[in-house]
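Participant: Structure, please.
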Amino acid sequence: MNDDPGPESARLPELDELLQLVDEGGKYLCCRTLCQVTTGERSFDVHAISLGNPDPALPAVGFFGGVHGLERIGAEVVLACLRSLVRRLRWDTSLHQILEGLRVVLVPLVNPGGLWRGTRANPQGVDLMRNAPVECTEGAAFLLGGQRLSAGLPWYRGGVGHPMQPEAQALCDFVAAELLVRDFSVSIDCHSGFGLADRLWFPHAHTISPIEHLPEMHALSRLLDDSLLHHRYLFEPQSRQYLAHGDLWDHLYLRAAAQPQRTFLPLTLEMGSWLWVKKNPRQLFSRLGIFNPLIGHRQQRVLRRHVALLDFAMRAAYSYRRWLPGGDSRDEQRACALAHWYSPQASQ
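Facilitator: Down below sits the predicted model:
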């Protein structure tokens, strides 16, 4: 492992914090290396953290960040969640009780090479969220939906027939081993994106067709409304915004859906970065400022809000038997979801 890139001025702060939290968590955490990536003369490990009960008969929740190197706030949200867990493990009896019946896994820095270089893509120029072997069936958005023209353009998918990039493959392997083997699991992948609203997207991205677990997604969205009072998330299928090739979470969801006895509910958090730019227009002149809050108190507010969402996801996964629909209730949830998200009159 080569996670020391040299002098302090040349370090990756998010990686430093991650390794510090691993040390601080001690016996409660397990840290493993999923793969190693190289950019220039520097190499970085992609670390996965796990805690809680590893019994595959129990539910699990996964939190992921840093898939796009420009969107550092995504990694920072997952690190803030890990920091909260590590500090609460010292005193919070209720957290220890939850972890007896729940597996929690985190990969805060999926794309450390991109974070180091300040690029959306990984060091090979590939957008990891366009890199999975999933083809859009109904017309992906031009360029934005993934392109194979050049790694010099954004949203590059990689070459035809090429294997997935090491970071993407490692993430998929880890999710398959930790989440897809369970009867129930939830994941949240943290990003920032253009827009004035924070959105929670669920598959599909490659087709407008609803997912098989639409009733469960609708039940989860209603649980969020009832539990995280006054939240401002727009919960919706990604296909309502645009269609794309190669979405990692579509790829993983399709794998999970092939096992009908299991339920995997992947969400993508898209934090509305226009809110930060609107309040501080000078951020438009900074490449990082377009995607991240640059003023300290705004960043703290963002972290507080979204760490509460991740805590909600943990509790929802732990207690899934109390709210997951079945029988007639499942049919009712599906009808409500279709009317809410897929009817011509559907609106948020």
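Participant: residue ranges for the strands of this structure, please.
Facilitator: Using DSSP state E, the strands assigned to the chain run over residues 30-39, 42-52, 60-65, 103-107, 184-193, 198-202, 233-237, 263-272.
Participant: How far does the fifth one sit from its chain's centre?
Facilitator: How far strand 184-193 lies from its chain's middle: 3 Å, per CA atoms, centre = their mean, to the nearest Å.
Participant: So for it, mean pLDDT?
Facilitator: Strand 184-193 shows a mean pLDDT of 96.
Participant: for stretch 34-45, same thing?
Facilitator: The average of the pLDDT scores along stretch 34-45 is 95.
Participant: And for it, what's in contact with it?
Facilitator: Here stretch 34-45 makes contact (CB atoms under 8 Å, 6 or more residues apart in numbering) with 1-3, 5-6, 12, 15, 33, 46-48, 107, 109, 111-113, 116-117, 122-123, 166-167, 169-171, 173-174. C-beta here means a position set from N, CA and C on the backbone, and glycine is covered the same way.
Participant: Put the alpha carbons of that stretch into PDB.
Facilitator: Taking C-alpha atoms only, stretch 34-45 is exported to PDB below (Å, rounded to 0.1, in the frame of the first residue of the first chain):
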ATOM      1  CA  LEU A  34     -10.300  -3.100  -3.000                       C
ATOM      2  CA  CYS A  35      -7.700  -2.000  -5.600                       C
ATOM      3  CA  GLN A  36      -4.800   0.400  -6.200                       C
ATOM      4  CA  VAL A  37      -4.800   3.200  -8.700                       C
ATOM      5  CA  THR A  38      -1.900   5.100 -10.100                       C
ATOM      6  CA  THR A  39      -1.800   8.600 -11.400                       C
ATOM      7  CA  GLY A  40       1.600   9.900 -12.500                       C
ATOM      8  CA  GLU A  41       4.100   8.800  -9.900                       C
ATOM      9  CA  ARG A  42       1.600   8.400  -7.200                       C
ATOM     10  CA  SER A  43      -0.500   5.400  -6.200                       C
ATOM     11  CA  PHE A  44      -3.600   5.400  -4.000                       C
ATOM     12  CA  ASP A  45      -5.500   2.500  -2.500                       C
END
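Participant: Now do the buried residues in it.
Facilitator: Residues 34-37, 39, 42-45 are the ones in stretch 34-45 that count as buried (16 or more other CB atoms under 10 Å).
Participant: Please dump the residues you listed into JSON lines; it should also carry distance to Arg304 for every row.
Facilitator: Shown next, in JSON lines, are the buried residues of stretch 34-45 (distance: CB to CB, whole Å):
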{"residue": "Leu34", "distance to Arg304": "29"}
{"residue": "Cys35", "distance to Arg304": "32"}
{"residue": "Gln36", "distance to Arg304": "33"}
{"residue": "Val37", "distance to Arg304": "31"}
{"residue": "Thr39", "distance to Arg304": "32"}
{"residue": "Arg42", "distance to Arg304": "33"}
{"residue": "Ser43", "distance to Arg304": "34"}
{"residue": "Phe44", "distance to Arg304": "28"}
{"residue": "Asp45", "distance to Arg304": "29"}
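Participant: For the stretch 1-150 of the chain, give me the ranges with low pLDDT.
Facilitator: Along the stretch 1-150 of the chain, the parts satisfying pLDDT under 70 run over 1-10.
Participant: quick one on the thing from earlier: mean neighbour count, the strands of the chain: which tops it?
Facilitator: Mean neighbour count (mean count of other CB atoms under 10 Å) peaks for strand 60-65 among these, with a mean of 28.
Participant: In terms of secondary structure, what does it contact?
Facilitator: helix 72-88, strand 103-107, helix 166-178, strand 184-193, helix 296-318 (3 or more CB pairs under 8 Å, 6 or more residues apart in numbering; DSSP states H and E).
Participant: Quick one, which of these gets closest to Glu270.
Facilitator: For Glu270, the closest of these is strand 184-193, at 4.2 Å, according to CB to CB.
Participant: filter the contacts of stretch 34-45 to the buried ones?
Facilitator: Neighbour-count burial (16+ other CB under 10 Å) applied to these gives 3, 5, 12, 15, 46-48, 107, 109, 111-113, 116-117, 122-123, 166-167, 169-171, 174.
Participant: Just to check, Gly66 is in contact with Val110?
Facilitator: Yes - here Gly66 reaches Val110: they are 5.1 Å apart, a contact under CB atoms under 8 Å.
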